[in-house]
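Undergrad: Sharing a sequence plus its predicted fold:
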Amino acid sequence: MSVSQGRVPVLAVEGVSKHFGSVAALRAADVEVFPGEILGIVGDNGAGKSTLLKMLSGIHAPTEGRITVAGETVHFSSPADARKAGISTVQQDLALVEVLDVATNLHLGDFPRRGLLVDRKKMERDATDLLKRLNVRVASVLTPVGSLSGGQRQIIAISRAVRLKHAQVVLLDEPTAALGVQETAHVGEIIENLRAEGKAVVLISHDMEFVFKHADTIQVMRQGRSTRPRRVSETTRDEIIALITGAKQE
């Protein structure tokens, strides 16, 4: 069990490697994220960020090493296992169903029921309350997701992840990709609120300005390996870029 400054990480990756045949996508990576903190994970394309996220979200299993949640070793065989363990994920492709409305998308895989039937009124009511709490504005929760802007869809996907009541960790894969200034700021507000609620947030992003603004700690991945995590207050953008490019070695 890893402990930093007397705290136990809510999610830890310890010596994890992942091989696809002869290709090593991850090489003994170590990552920790603590309750009420935002961890920014950065790196070039092919650095292993996506493979790491897919392991944490239950899509891939590690070849070596272990993953722990609140100090307990976990083994995920599906995304449902990760969700049950309290890990909620927003993939870059959002995984929204465009022909369905906002309320239905927010409840995919977890519909409220009245007997054997879906409780549509409760679903719409809960969706309205959630979006109000997150200050998300849509014309109606009955609006088809396919008619929303790209930024609005991104916010809906993040809202769905936040809705998982027992989530201890929220994983975000490039949450500001292709967003405008106002929508990016809104994503930042939601992330800050998650931290205030004691959630741990793992932010995978190429948006260095966004990461430095919101993350508490930054960790660089390069060629499948993880570098030592750095507190944002104790590093610089130049140092992080040097680690990404390999100009600085550890």
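TA: Yes, it's here. Residues are numbered from 1 along each chain as shown.
Undergrad: Report the spatially closest residue to the most centrally placed residue in the chain, excluding sequence-adjacent ones.
TA: With distances taken as C-alpha atoms, centre = their mean, Leu171 lies nearest the centre of the chain, 1.2 Å away. Sequence neighbours aside, Thr89 is the residue nearest to Leu171 in space, at 4.4 Å (criterion: C-beta to C-beta, 6 or more residues apart in numbering). For the C-beta atoms, the positions are set from N, CA and C on the backbone; glycine is no exception.
Undergrad: those helices in this protein, which residues are they?
TA: Remark: helices assigned in the chain by DSSP state H are 49-56, 79-84, 102-106, 120-133, 150-163, 181-196, 208-214, 237-245.
Undergrad: returning to that earlier point: could you pull up the contacting residues of the residue nearest to the centre of the chain?
TA: Neighbouring residues of Leu171 by C-beta atoms under 8 Å, 6 or more residues apart in numbering: 53, 56-57, 87-90, 161, 201-202, 204.
Undergrad: what about the helix or strand of the chain with the lowest mean pLDDT, distance to the chain center?
TA: When the helices and strands of the chain are scored by mean pLDDT, DSSP states H and E, helix 150-163 comes last with a mean of 86. The chain centre lies 12 Å from the centre of helix 150-163; the measure is C-alpha atoms, centre = their mean, to the nearest Å.
Undergrad: And stretch 123-142, by the same measure?
TA: Relative to its parent chain, stretch 123-142 has a centroid offset of 21 Å by C-alpha atoms, centre = their mean.
Undergrad: Just the buried residues of that stretch, please?
TA: 123-124, 126-128, 130-131, 134, 136, 138, 141 (16 or more other C-beta atoms under 10 Å).
Undergrad: So Val145 is in contact with Asn105, correct?
TA: Yes. Counting by C-beta atoms under 8 Å, Val145 touches Asn105, with 5.2 Å between them.
Undergrad: which residues are common contacts for the two?
TA: 96-97, 156.
Undergrad: measure the residue nearest to Leu171 to His19 for me?
TA: Plainly put, Thr89 is 22 Å away from His19 if you go by C-beta to C-beta, to the nearest Å.
Undergrad: Neighbour count for those two, which is higher?
TA: Taking other C-beta atoms under 10 Å, Thr89 and His19 do not tie; Thr89 has more neighbours (24 against 14).
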